[in-house]
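Participant: structural data only, the sequence is not supplied:
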């Protein structure tokens, strides 16, 4: 298996059946599908969504079979996957992989749904596939993406690769290949074509190019499957070869993290995948959950805060790089802003992550009162955790302390389907999406595997 790891992955993609999905995996997956659809709606009204649609219009592509969510556009599957991938990741509000090994850096912070779901939806809609087939393709994509990111050396992420972009390309290729019914040999070639398109650098965090990564990885995976179906040639050892993905992009890999591990256990079950309660980088969420608790329990008012110290391991400041954010995208990667906005507004949703709010004098002043540092206790906890230690100094002399390893929405503090539906409705409302249509989507996704095809669902999601 380890001698031909790519072949093992292709076997998993081709051989897994819908009956092989455990009931708890199906239940979890529907929450994440609903979450992704809501994010595609809210992302459609982001500035990046407008620019994506402008670009697609400039290409003069003509009509196609796949829906761009939140718009009347229907395009070829690869381009719909691109637009919807950008939309899901536009607000950095999408789900996040957790890690198994302590050196994995939180599963390399892969966002599994953003590349996998748009590819499955676009190809599934184009081919008239059933909800069950699309659900299976989505789960295969997520599982392949997460296990690849778990296996590659952590250097991949630490030195600048954005794993959602790189590993996500394989997710999209897996989902599209399965829906197209590619055989093992063609699926191997699709994975290899995807591997040669795998790209994305973390220096672009805090800009529109971060969600561009997710969209392009989804598009690239769809294109890879299509080229493979034509007979396009490619290596059959893209993952494990000395000049393949694991070596070139990570300097090596842990074969034991993937060989024999696809669907055993499914990542959705162990270690799990988090759904975000706030539209900011996932590393901010344990601290935000704990800060919200401290505010509630102690009645903290912003005007009474003298200083806040937030301590984490050294990898977290490596991702949360904006200490004095000047716009909403930078604020998503600013621990200082995330603490400040909770103290001032008591909430942190899409309406708080705007340029106008970020630049308000009271917000900027509170940001300056937050110190974000590396903490020895958090460092010792291991990089598979997001340990965040908060110390709050108040004007009356009180000193409050809190610690969290994970945030709300994580497997340790999961969101129910109804809670995810609440988030979906808020995102739909943010996009000015009709409430009646939103409610119909919530109910339809609840029975996703029973859908005869995606036509009714995607019609609801178009505007």
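Facilitator: Cool, the structure landed. Here the structure is a predicted model, which means the values were calculated and not measured. Residues are numbered from 1 along each chain as shown.

Participant: element containing residue 33, please.
Facilitator: Using DSSP states H and E, residue 33 sits in helix 23-44.

Participant: what's the spacing between the next helix or strand after that helix and its chain's center?
Facilitator: Note on helix 23-44: by DSSP H and E, the next helix or strand toward the C-terminus is helix 47-58. Distance of helix 47-58 from its chain centroid, counting by CA atoms, centre = their mean, to the nearest Å, is 21 Å.

Participant: before we move on, the earlier item: angle of the helix holding residue 33 against helix 47-58?
Facilitator: Inter-element angle recorded for helix 23-44 and helix 47-58: 80 degrees (by axes from the mean of the first three to the mean of the last three CA atoms, to 10 degrees).

Participant: on contacts alone, who are the packing partners of helix 23-44?
Facilitator: helix 77-89, helix 113-127, helix 131-151, helix 417-430, helix 435-446, helix 455-461 (3 or more CB pairs under 8 Å, 6 or more residues apart in numbering; DSSP states H and E). In short, each C-beta sits where N, CA and C put it, glycine included.

Participant: quick one: buried residues of that helix?
Facilitator: 25-26, 28-44 (16 or more other CB atoms under 10 Å).

Participant: for the residue nearest the centre of the chain, grab phi and psi.
Facilitator: The centre of the chain sits closest to residue 111, judged by CA atoms, centre = their mean, with a distance of 2.5 Å. Main-chain torsions, residue 111, degrees, to the nearest 10: phi -100, psi 100.

Participant: ditto for residue 236
Facilitator: When read as degrees, to the nearest 10, the backbone of residue 236 gives phi -100, psi 10.

Participant: quick one: low-confidence parts of the stretch 101-250 of the chain?
Facilitator: Along the stretch 101-250 of the chain, the parts satisfying pLDDT under 70 run over 102-109.

Participant: what ranges do the strands span in it?
Facilitator: With DSSP state E, counting those that start in this stretch as the criterion, the stretch 101-250 of the chain has no strands.

Participant: next one: the stretch 251-400 of the chain
Facilitator: Counting by DSSP E, counting those that start in this stretch, the strands of the stretch 251-400 of the chain are 273-274, 305-312, 370-374, 388-394, 399-404.

Participant: most tightly surrounded among those?
Facilitator: Neighbour counts (mean count of other CB atoms under 10 Å) averaged over each of the strands of the stretch 251-400 of the chain peak at strand 273-274, with a mean of 27.

Participant: sheet partners, orientation included, of that one?
Facilitator: Strand pairing for strand 273-274, using DSSP bridges, gives strand 96-97 (antiparallel).

Participant: now do the strand it pairs with: distance to the chain's middle.
Facilitator: That offset, for strand 96-97, works out to 6 Å (CA atoms, centre = their mean).

Participant: and the protein, what are its domains?
Facilitator: The chain breaks down by automatic domain parsing into domains covering 2-275+415-461, 282-404.

Participant: winner for burial among these?
Facilitator: domain 2-275+415-461 comes out most buried of the domains of the chain by mean count of other CB under 10 Å, with a mean of 22.

Participant: tell me the gap between that one and the middle of its chain.
Facilitator: Using CA atoms, centre = their mean, the offset of domain 2-275+415-461 from its chain centre is 9 Å.

Participant: and residue 230, how far from residue 110?
Facilitator: 29 Å (CB to CB, to the nearest Å).

Participant: related to what we said a few turns ago, for the residue nearest to the residue nearest to the centre of the chain when sequence neighbours are not counted, give me its contacts.
Facilitator: Excluding its sequence neighbours, the residue lying closest to residue 111 (CB to CB, 6 or more residues apart in numbering) is residue 164, at 4.4 Å. By CB atoms under 8 Å, 6 or more residues apart in numbering, the residues touching residue 164 are 89, 109-111, 114-115, 200, 213-214, 217.

Participant: now residue 342
Facilitator: By CB under 8 Å, 6+ apart, the residues touching residue 342 are 288, 291-292, 295, 348.

Participant: farthest pair in those residues?
Facilitator: Spanning the widest gap among these are 295 and 348, at 11.3 Å by CB to CB.

Participant: about what we covered before: need the strands of the stretch 251-400 of the chain in CSV (columns: distance to residue 157 and mean pLDDT).
Facilitator: Shown next, in CSV, are those (distance: least, CB to CB, whole Å; pLDDT from 0 to 100):
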stretch, distance to residue 157, mean pLDDT
strand 273-274, 17, 93
strand 305-312, 16, 98
strand 370-374, 18, 97
strand 388-394, 19, 98
strand 399-404, 22, 97
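
Participant: okay, and the beta partners of the nearest residue to residue 400 once chain neighbours are set aside?
Facilitator: Closest residue to residue 400 apart from its sequence neighbours, by CB to CB, 6+ apart: residue 392 at 4.3 Å. For residue 392, the beta-bridge partners are residue 308, residue 400 (DSSP bridges).

Participant: my understanding was that residue 392 contacts residue 302; is that so?
Facilitator: No - in this structure residue 392 lies outside contact range of residue 302 using CB atoms under 8 Å: 11.2 Å.

Participant: so residue 9 makes contact with residue 239?
Facilitator: Yes - at 6.8 Å, residue 9 counts as touching residue 239 under the criterion of CB under 8 Å.

Participant: now do the shared contacts for those two.
Facilitator: By CB under 8 Å, 6+ apart, the residues touching both residue 9 and residue 239 are 148, 191.

Participant: that older thread, got the strands of the stretch 251-400 of the chain as TSV, with distance to residue 67 columns?
Facilitator: As requested, the strands of the stretch 251-400 of the chain are exported to TSV (distance: least, CB to CB, whole Å):
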stretch	distance to residue 67
strand 273-274	25
strand 305-312	40
strand 370-374	41
strand 388-394	39
strand 399-404	39
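
Participant: poorly predicted segments of the stretch 301-450 of the chain, please.
Facilitator: If you take pLDDT under 70 as the line, the stretch 301-450 of the chain has no such spans.

Participant: tell me how far the nearest residue to residue 134 once chain neighbours are set aside lies from residue 405.
Facilitator: In space, and not counting its chain neighbours, residue 134 is closest to residue 124: 3.7 Å by CB to CB, 6+ apart. Plainly put, residue 124 is 37 Å away from residue 405 if you go by CB to CB.

Participant: rewinding a little: for residue 323, see how far away the residue nearest to the centre of the chain is.
Facilitator: Distance from residue 111 to residue 323, by CB to CB: 23 Å.
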